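Asks: give me a 3D structure for the following:
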Amino acid sequence: MVYRFHAFVTSLVLIVGGMSDVRAAEVGFVPMFNGHDLSGWVIVNVAPNTFTVKDEIVVSTGVPTGVIRTEKQYENFILELEWRHMKPKGNAGVFAWGDSLTAQGTPFAKGIEVQVLDGHETPNYTSHGDVFAIHGARMKPDHPHPNGWERCLPSEKRAKPSPEWNHYRVECRDGVLKLAVNGKVVSGGSECKPRKGYLCLESEGSECHFRNVRIKELPTSNPPADEVAPLAEGFQNLYTGIDLTNWLDDPGHRGHWKPEDWVLNYDGKSEAKGKDAADAGHLWTDKEYGDFVMICDWRLPAKLRKSKRPLIHPNGDEGPEEEEFDDAGDSGIYLRGNDKSQINIWSRAIGSGEVRGYRVDKSLPAAVREAVTPKIRADKPIGQWNRFIITMKGDRLTVMLNGQAVVSQAQLPGVPARGRIALQHHGDPIQFASIFIRELK
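Replies: Have a look, this model is predicted:
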């Protein structure tokens, strides 16, 4: 009896001790969703209903392609979650250390992606927990990729097929990421840059569910500034990817200004009349803006024709020489409701970003006309995505194109104090994406 009693006590101690160890391991975890809405998360470039919370499950419709992100940045942490795809071959993802906005010409943020994929198995990617760097992020894979990519393929196939639930544990410490799939570490990477940033959930074409999303923050190692994603600056999304919310949707635009997932396609043939000829066909915001910073990606479809126009000189004058160039079309962005303050998009040698209405106005001082003429041609090759960052403050305009200042602090005399913004109709096809705005005080 004594022996049995001691054995019982010993067993009880082990059980209690084991429970204590489990509880200790759980200390510090906090839920990342409150069970009924997206508090603590920010819509980046998707529609308001792309991600919803129902019965403590985060539901992604998969449409459009894009992301939501956390309000705060994370550095060292353990993230746990469960996911399932509702249809075979579904695609989604979880981003660690992401940027607050999408990378140029893509619907995704720069960062380290933990793949959430179903039913795909190739030599280059799998559905069992791939980890990889995207859009300028860097990572050294734990297992060398067969083609040398910065992508770690899992050591085992442990993911369950749709519609079963899978468990991920993502542990991130000092730029090292480890992924456990259904209880076992199978992939990861080191020397990750950035190693502090936002966490994102990805929508990519099909319904995906997430639940039991929780995080435990770990002590910082104070990463240098160049290993930290830029802080969010309060940009608001102007394009939902599914409709023309935030824009004046004239009936004449139907079938011409077409939301097609993360890309807004325009065929150049809008039948909208507008209030006058100068207003016809353009896609105007439904809100007026005063001082702001605007981000907008654009590209001209690569259907080239030869054109010949007067050469534009650095001072804004034209000719008498002519230039022959490969022409992929013409468009622009109107600021504060008038066509004179139009930022041009085209294929001419001077480059995109000029403010034509002011450049050709010979009644203005020479310095004003020269200032609105691009200082450098910063356009990508025709067919590639470009990014404008437009800053309008008072009557001063700065235009960054692909990271270079093409117009800097140019004065626009007489420009209205407020007005709508327009994507220009000029009769040519063009594509827009990643349209964000931040109003300045």
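Asks: can you map out the strands along the stretch 251-400 of the chain?
Replies: According to DSSP state E, counting those that start in this stretch, the stretch 251-400 of the chain carries its strands in the segments 257-260, 263-266, 283-284, 292-299, 305-312, 318-327, 331-335, 338-345, 386-393, 396-401.
Asks: which other residues reach the fourth one?
Replies: For strand 292-299, the surrounding residues in contact (CB atoms under 8 Å, 6 or more residues apart in numbering) are 101, 104-105, 233, 235, 331, 333, 345, 380, 383-392, 421, 430-440. Every residue, glycine included, has its C-beta placed from N, CA and C.
Asks: following element in sequence after the helix-or-strand element of the chain with minimal mean pLDDT, please.
Replies: One helix or strand of the chain scores below all others by mean pLDDT, DSSP states H and E: helix 2-26, with a mean of 44. The helix or strand immediately downstream of helix 2-26 is strand 29-31, counting by DSSP states H and E.
Asks: mind checking how far that following strand is from the chain centre?
Replies: Put simply, strand 29-31 sits 26 Å off its chain's centre (CA atoms, centre = their mean, to the nearest Å).
Asks: now swap in stretch 181-195 and tell me
Replies: Using CA atoms, centre = their mean, the offset of stretch 181-195 from its chain centre is 23 Å.
Asks: could you do stretch 324-334 as well?
Replies: 25 Å.
Asks: pLDDT weak spots in the stretch 251-400 of the chain?
Replies: For the stretch 251-400 of the chain, residues meeting the criterion pLDDT under 70 lie at 275-278.
Asks: try it again with 80
Replies: Applying pLDDT under 80 to the stretch 251-400 of the chain flags residues 274-279, 302.
Asks: give me every residue that touches the most centrally placed residue in the chain.
Replies: A centroid search over the chain (CA atoms, centre = their mean) returns Thr102, at 1.7 Å, as the residue closest to the centre. When contacts are counted by CB under 8 Å, 6+ apart, Thr102 is found next to Val44, Asn45, Gly66, Val67, Phe108, Ala109, Ser434.
Asks: do that again at 6 Å, thanks
Replies: Asn45, Ala109, Ser434 (CB atoms under 6 Å, 6 or more residues apart in numbering).
Asks: then Lys393?
Replies: Contacts of Lys393 by CB under 6 Å, 6+ apart are Asp291, Leu440.
Asks: quick check: bridge partners of it?
Replies: Applying DSSP bridges to Lys393 gives these bridge partners: Arg396.
Asks: next, count neighbours for Ile345.
Replies: 28 (other CB atoms under 10 Å).
Asks: before we move on, what about Lys306?
Replies: 8.
Asks: contacts only, for it.
Replies: Applying CB under 6 Å, 6+ apart, no residues contact Lys306.
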